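> Need a 3D model of the following:
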Amino acid sequence: GSARRTAFASDETATSDRALREVRAASITITGSINASGSITAAAEVARSVEVSEPSGLDLTLPSQSSASVVVNGGSLSGSSIGLSALTGGNVAGAAGGMLTIDFTETATIELIGAVLQAGRLDIAAGSSTEYSAKGLSAVNIILGGSTVSVSGSTLTASSGSVEIAATDGVSASAEADPRGLDLGGVSLPDSIGASVARNEVERSVAVIVGASAVSAAGGEARFGATKANVVRAVTHTVTLAGSSSPGSIAVNLGGTFSANLLLGTVGAVVGTSTIATLGTGDLILFAEDDTVADAHSELSGTYASGSPTVDTSGVVFGPSIAFSSIGWVFGQSLAGFAQETVNTLIGTEFGGSEQSAVTEASINDSSVSAGGDLSITATSQPQLNATVSNAAASTSSALFGASGASASAILASNRVVSDAAAFIDNSGAAPGVEVTAEGSVTVTARDDSAIYSNGKIVSSSITTSDGGAAVLGQTIDELVPATYDTTPDSG
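This next block holds a predicted model:
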């Protein structure tokens, strides 16, 4: 018969932050022997389903963890097929009237330590795919962790099929800040400030590591793959309005938006000091791929308009919009580091921030490899970054005398990437006679195809009128003095 072990952890949809703080973990550990005439399955899964709401203006921080793991430590598994999986996924959403921070660590891990697996086919997979969404006056996602399959000191044999070992990460994060505007009509207001921040800090690594092990596939291919496909989006929307009509009043309208994505982490598929073989015509495929997508979108509209004519009325509107995304850079703590990088971009300096390259690697090191078919080693780094800003600021101020007005807008759309793609075979430290061979073709390819896009639109205007009351006098005369002549359009 078949043998199956499962571990499952989930949570119900919640409307309070307490449920989100709970750690959800599913784990399976095998240390003995399992022999089955049918299939053997060990599956650990965590499924999040969380919705947290704080409608008041209070700030809210939501920390939690998700962890799925399968460990075979010194165990022996034998069956017609063997499937091991560790998966995390689901949805985590939060909304707050103040600042919202989602702080999560999510990991999916499979470890084979001194294990023996024998079956017709072997499938081993670790993956994460949770979707995070933060909305608030300011919104922040901090997502850490990754997906890993580690094979050390183990023997894996597929007698009639293929061996597939995969680690994937498809976690996505959306931060959206959308403060409401103020419409005060003719009420005097010293100042009106509208500012919002949306930020994603995502540090996740994906790896398949085979060390000091023997892997063979007698009836199919051997495939080792690590794929990272994170999608992050930071969006800010702000509309602020201020009005003033009292004598001597000063109305200042400051509106600003800041959207940022900071992404760190590596992708690797690495074989070291091991023996890998495919018999017959089976291919041996080793690949690492980074398909990260980051989008920062910042919008701002700020206006000031004085009410009925008065004296000594001043209106100021200043609204910067900043959109910034980076991969492979560390800028210190929180917003301060991003602010420093903004200064660097504007004035062309290089102080602050350090490189932590997003490396994508596929490699064979000091190993004996024999492919009955083709041997393919591929590393592809192709993150896509976009920064888009739009900013409109307008000031209209009128008075009998002493009116002043100013309008200023600033935009910055910036992307910064440090990435590397490396694919290689390095047997320089191997013992004599240890070789890498293939009956078919041998292909080793590394591609770094990062792409960055920036878009910006800015509109700024200021209209100031001090006419000593001429406009008021003219309006009064128009209302009091009857018209002598009346004209109509010529019908012919």
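
> What segments of the stretch 201-350 of the chain are strands?
Using DSSP state E, counting those that start in this stretch, the strands of the stretch 201-350 of the chain run over 214-217, 222-228, 231-244, 250-264, 267-272, 275-278, 284-290, 293-306, 310-311, 314-327, 329-330.

> could you give the angle of the second one to strand 284-290?
In other words, strand 222-228. Going by axes from the mean of the first three to the mean of the last three Cα atoms, to 10 degrees, strand 222-228 is angled at 0 degrees with respect to strand 284-290.

> Which of the strands of the stretch 201-350 of the chain comes out lowest on mean pLDDT?
The stretch with the lowest mean pLDDT among these is strand 310-311, at a mean of 46.

> quick one, what contacts the closest residue to Asp374 other than its chain neighbours?
The spatially closest residue to Asp374, leaving aside those adjacent along the chain, is Gly440, at 3.8 Å (Cβ to Cβ, 6 or more residues apart in numbering). In short, each C-beta sits where N, CA and C put it, glycine included. When contacts are counted by Cβ atoms under 8 Å, 6 or more residues apart in numbering, Gly440 touches Thr281, Asp283, Ala371, Gly372, Gly373, Asp374, Leu375.

> Weed out the non-buried ones from the residues you listed.
Buried subset of these (neighbour count, 16 or more other Cβ atoms under 10 Å): Asp283, Ala371, Gly372, Gly373, Asp374, Leu375.

> Does the fourth one touch Glu221 like I think?
To tie it back to what came earlier, the one meant is Gly373. Yes: with contact defined as Cβ atoms under 8 Å, Gly373 reaches Glu221; the gap is 7.1 Å.

> Using PDB, list the CA coordinates for stretch 112-124.
C-alpha atoms of stretch 112-124 as PDB (Å, rounded to 0.1, in the frame of the first residue of the first chain):
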ATOM      1  CA  LEU A 112      17.500  15.600   3.700                       C
ATOM      2  CA  ILE A 113      20.300  14.800   6.100                       C
ATOM      3  CA  GLY A 114      22.000  11.400   5.600                       C
ATOM      4  CA  ALA A 115      18.800  10.100   4.100                       C
ATOM      5  CA  VAL A 116      18.300   7.200   1.600                       C
ATOM      6  CA  LEU A 117      15.400   7.600  -0.900                       C
ATOM      7  CA  GLN A 118      14.700   4.900  -3.400                       C
ATOM      8  CA  ALA A 119      11.700   4.900  -5.800                       C
ATOM      9  CA  GLY A 120      10.600   4.800  -9.400                       C
ATOM     10  CA  ARG A 121      10.300   8.600  -9.300                       C
ATOM     11  CA  LEU A 122      11.300  11.400  -6.800                       C
ATOM     12  CA  ASP A 123       9.600  14.800  -6.500                       C
ATOM     13  CA  ILE A 124      10.900  17.200  -3.900                       C
END
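
> Could you look up the SS state of Ala431?
Here Ala431 is recorded as coil under DSSP: H, G, I helix; E, B strand; the rest coil.

> Please shift the residue numbers so they start at 795 in all later answers.
With the count now opening at 795, the last piece we talked about shows up as Ala1225.

> Show the pLDDT at it.
For Ala1225, the model assigns a pLDDT of 93.

> how many other residues sit next to it?
Counted by other Cβ atoms under 10 Å, the residues lying close to Ala1225 total 9.
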